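Visitor: Task: produce atomic coordinates for the following.
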Amino acid sequence: MEKKEWSRDGKSYRYSKDGWEFVHIEGLPFERGVSYGKLLAREIRDAIREASRLVMLQTGIEWEFLKDSKISVLHKWKEHLCRKPYKEFLEEMQGMVQGVRQVIPDCPVTLDDLILWNGYEELTGSWFPNAAPELYDSLDVQHGIRHAGGRTLKRFSSGAGDHCSAFIATGSYTADGRIVMAHNSFTPYENSNSMNVVVDLVPADGNRFIMQSCPGYIHSLSDFYETRIGEGKGLMITETTIGGFNAYDCDGAPEFARIRRAAQYAGSLDEFVELFWEDNNGGYANTWLAGDIKTGEIMRFEAGLKFYHIDRTTDGYYAGFNAPLDPRIRNLECENSGFADIRRHQGARQVRLPGLLEEYKGRIDNLAAQEILADHFDVYLDRENPCSRTVCAHYELDDRAYMSQPGRPVPFQPRGAVDAVTADSADAKELSLWARWGSPCGMPFYAEEFLKKNPQFEYLREFLKDRPSLPWTRLKADMRR
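Guide: Below you'll find the predicted structure:
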């Protein structure tokens, strides 16, 4: 049943619909941050609490250590956020902290918490694998006993995780010749509980935009943006992560600040590339799919650390499947990307997504896009089989009998596609989108039932939430009760 909860703070407001929390925010950086913090105070507090516990489970390092340690990347991130290109985003986060505390006076959330939370994917997937040996060496006190030194022989796994399926199409491939864009998020279920926020942001400077996001984020994370540059003008932006990417420069600016700047200030596809690539650090590396809603031109922008590659067309499509096409990025900046291995989800979707887009050629619209995101065809076994290799991923149903890379997701891991979002050019012009919270196919997930079958994941109990079947719903800027 749809919740009908509304709250307001001046011109800003929020409401709940079909599992989504919609937030409209406007104003100068600090004031819009305060409104955001007040409207989503409890969600921000809870999300950071959860992240601070998960980071220990996933890295062995405590959240407070990441805030206090001299070698933490947090300090580099703060240096960049104090600089002019990004300073307004720091002010926005400072406002969020104040807004949260106006609602929850004793809330311990700090600016450092919010910065680490915004960079969680980069923190755990990009910086930590590179910094882990040095971090280990710095842990010289255990149980009150100071150790003289020592090194671990562990080889810390490198290579970013794999998170999404996506495509963007235009010209003869779509029903009306204009752009259609679609995305679903692959992620461990314990990490995805707060990915159900949609933000309509009207900044004092730059582009108005709508994005799928998380509580307290200045960016999207799942990366689905629509921007308004002028009347009938704007960009549509999404991405998929580059799996196995392991190049990183901790002196660069964090990805979450660079993508926010690009979304808010890019006036064209060229400017999007320019703004995003400036101060690049290789963090949370992605294959970006973007389109210009006025011209109908679409772009694939594979962004590594030293290398990037761009393809553009006004008649065709680009698909994202967590593996890079550029051989420089794939061979020099990635480790075991799964590019051509159809036993793995990257290789399988490299085959399946183009096949679906060709099958739907000439009739791709929002409905067709939603069907594509819900696809369960397994190209390795050549049959319908909801599993890790399908566009609508269900790792929780997969015994991983055909694993080719030990250490990647284990059998029956609670992980997979946790949402789905689509839009066409007409939607983007009015800053609206279609979204489904939960599996794109509508298959429910019940935590208790899952844990009875898979008690090896009992350690995740507190983080696993039920995911009932919810409908597709339309979310739009300026929606009023």
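Visitor: Burial check on residue 306, number of neighbours?
Guide: Residues within reach of residue 306, counting by other C-beta atoms under 10 Å, total 12. Heads up, the C-betas are built off the backbone N, CA and C, glycines and all.
Visitor: That one: what's it in contact with?
Guide: 247, 328, 332-333 (C-beta atoms under 8 Å, 6 or more residues apart in numbering).
Visitor: Same question for residue 453.
Guide: Counting by C-beta under 8 Å, 6+ apart, the residues that residue 453 touches are residue 412.
Visitor: before we move on, back to that, turn the contacts of residue 306 into JSON lines, including secondary structure and distance to residue 205.
Guide: What follows is the contacts of residue 306, written out as JSON lines (DSSP: H, G, I helix; E, B strand; the rest coil; distance: C-beta to C-beta, whole Å):
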{"residue": "247", "secondary structure": "coil", "distance to residue 205": "33"}
{"residue": "328", "secondary structure": "helix", "distance to residue 205": "36"}
{"residue": "332", "secondary structure": "helix", "distance to residue 205": "38"}
{"residue": "333", "secondary structure": "coil", "distance to residue 205": "34"}
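Visitor: and residue 273, what is it in contact with?
Guide: By C-beta under 8 Å, 6+ apart, the contact set of residue 273 is 299, 301, 308, 310.
Visitor: Surely it is in a strand?
Guide: No - Residue 273: not assigned to a strand; according to DSSP: H, G, I helix; E, B strand; the rest coil it is helix.
Visitor: And the pLDDT at it?
Guide: At residue 273, the predicted lDDT confidence score is 98.
Visitor: now residue 151
Guide: Confidence at residue 151, expressed as pLDDT, is 61.
Visitor: what's the answer for residue 134, then?
Guide: Reported pLDDT at residue 134 in the predicted model: 83.
Visitor: Show me what the helix or strand containing it is packed against.
Guide: Per DSSP states H and E, residue 134 falls inside helix 128-138. Under the contact definition 3 or more C-beta pairs under 8 Å, 6 or more residues apart in numbering; DSSP states H and E, helix 128-138 sits against no other helix or strand.
Visitor: Any buried residues in it, and which?
Guide: By neighbour count, and taking 16 or more other C-beta atoms under 10 Å as the criterion, the buried residues in helix 128-138 are 128-132, 135-136.
Visitor: For residue 415, list each beta-bridge partner.
Guide: The partner list for residue 415 in beta bridges (DSSP bridges) reads residue 188.
Visitor: Any idea how many residues pack against the residue nearest to residue 56 when sequence neighbours are not counted?
Guide: Closest residue to residue 56 apart from its sequence neighbours, by C-beta to C-beta, 6 or more residues apart in numbering: residue 62 at 5.7 Å. Residues lying near residue 62 (other C-beta under 10 Å) number 15.
Visitor: Return the distance of residue 62 relative to residue 442.
Guide: When C-beta to C-beta, to the nearest Å is the yardstick, residue 62 and residue 442 sit 39 Å from each other.
Visitor: residues in contact with stretch 77-92?
Guide: The set of residues that contact stretch 77-92 without belonging to it, under C-beta under 8 Å, 6+ apart, is 29-30, 32-33, 36, 93, 111-112, 115, 119, 203, 205, 218, 252-254, 257, 260-261, 278-279.
Visitor: Tell me which of these fall in strands.
Guide: With strands taken from DSSP state E, the overlap with the contacts of stretch 77-92 comprises residue 203.
Visitor: Kindly write the PyMOL command that selects the buried subset of the contacts of stretch 77-92.
Guide: Selecting the buried subset of these in PyMOL, with 16+ other C-beta under 10 Å as the burial test, is done by:
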select buried, resi 29+30+32+33+36+93+112+115+119+203+218+252+253+254+257+260+261+279
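Visitor: Count the neighbours of the closest residue to residue 242 other than its chain neighbours for me.
Guide: Nearest-residue entry for residue 242: residue 285, 4.5 Å, with adjacent residues in sequence omitted and distances by C-beta to C-beta, 6+ apart. The tally of other residues near residue 285 (other C-beta under 10 Å) stands at 30.
Visitor: can I see the domain layout of this protein?
Guide: Domain assignment for the chain by automatic domain parsing gives 29-138, 164-476.
Visitor: Adding distance to residue 5 as columns, could you present the ones you listed in a markdown table?
Guide: Putting the domains of the chain into a markdown table (distance: least, C-beta to C-beta, whole Å) gives the following:
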| stretch | distance to residue 5 |
| --- | --- |
| domain 29-138 | 11 |
| domain 164-476 | 14 |
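Visitor: before we move on, the earlier item: can you say which of the contacts of residue 273 are buried?
Guide: Neighbour counting with 16+ other C-beta under 10 Å marks 299, 301, 308 as buried within the contacts of residue 273.
Visitor: what helix or strand is the nearest residue to residue 203 once chain neighbours are set aside on?
Guide: With C-beta to C-beta, 6+ apart as the measure, residue 264 is the residue that lies nearest to residue 203, at 6.0 Å, once sequence neighbours are left out. Using DSSP H and E, residue 264 maps to helix 255-265.
Visitor: List the contacts of that helix.
Guide: Judged by C-beta under 8 Å, 6+ apart, the contacts made with helix 255-265 from elsewhere in the structure are 77, 80-81, 85-86, 89, 118-119, 122, 201, 203, 205-207, 209, 211, 217-221, 223, 225, 227, 235, 237, 271-272, 275-276, 278-281, 283-284.
Visitor: try stretch 111-119
Guide: 44, 47-48, 51-52, 63, 66-67, 73-74, 77-78, 81, 90, 93-94, 96-97, 123, 216-219, 254-256, 283.
Visitor: Rounded mean pLDDT for stretch 201-219, please.
Guide: 98.
Visitor: That stretch spans what distance, first to last residue?
Guide: When the termini of stretch 201-219 are compared using C-alpha to C-alpha, to the nearest Å, they are 11 Å apart.
Visitor: Let the chain start at 41 from now.
Guide: From this message on, residue numbering opens at 41, which makes the last subject stretch 241-259.
Visitor: Give the buried residues for it.
Guide: Of the residues in stretch 241-259, those buried under the neighbour-count criterion (16+ other C-beta under 10 Å) are 241-243, 246-259.
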